[in-house]
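**Q** Any chance you can model this:
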Amino acid sequence: MDNEVLDCLVSLVLVTLGQLLGSLFADGLAWVGPFAESAKSISKEIVSHSSEELNLIREAVLINMPIPMR
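**A** Here you go, the predicted structure:
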């Protein structure tokens, strides 16, 4: 084989591999998408609860009271 044919063959293999990996990546994102939305809403809920708890702790520290535990 000469270099030109070898270059074409390598290019074809790389393009095919790139297309395969791109398809797998797109399928993976489509599969993970709904779980990512659920995780986002759960993390927002955790952050809102954490903010409430932090506010209770700040108030307790400011007025030198025992910290209320849930």
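**Q** what does the average pLDDT come to for the strand or helix carrying G28?
**A** Here G28, judged by DSSP states H and E, is contained in helix 3-62. Summarised as a single mean, pLDDT over helix 3-62 is 82.
**Q** other SSEs contacting it?
**A** Using 3 or more CB pairs under 8 Å, 6 or more residues apart in numbering; DSSP states H and E, no helix or strand is in contact with helix 3-62. C-betas here are computed from N, CA, C, even on glycine.
**Q** distance between it and the chain's centre?
**A** What separates the centre of helix 3-62 from the centre of its chain is 3 Å, taken as CA atoms, centre = their mean, to the nearest Å.
**Q** Count the residues that sit near E53.
**A** 14 (other CB atoms under 10 Å).
**Q** what's near enough to touch the residue most central in space within the chain?
**A** Centroid check for the chain by CA atoms, centre = their mean gives A36 as the closest residue, at 6.8 Å. By CB atoms under 8 Å, 6 or more residues apart in numbering, A36 lies in contact with nothing.
**Q** Nice, that's everything, thank you.
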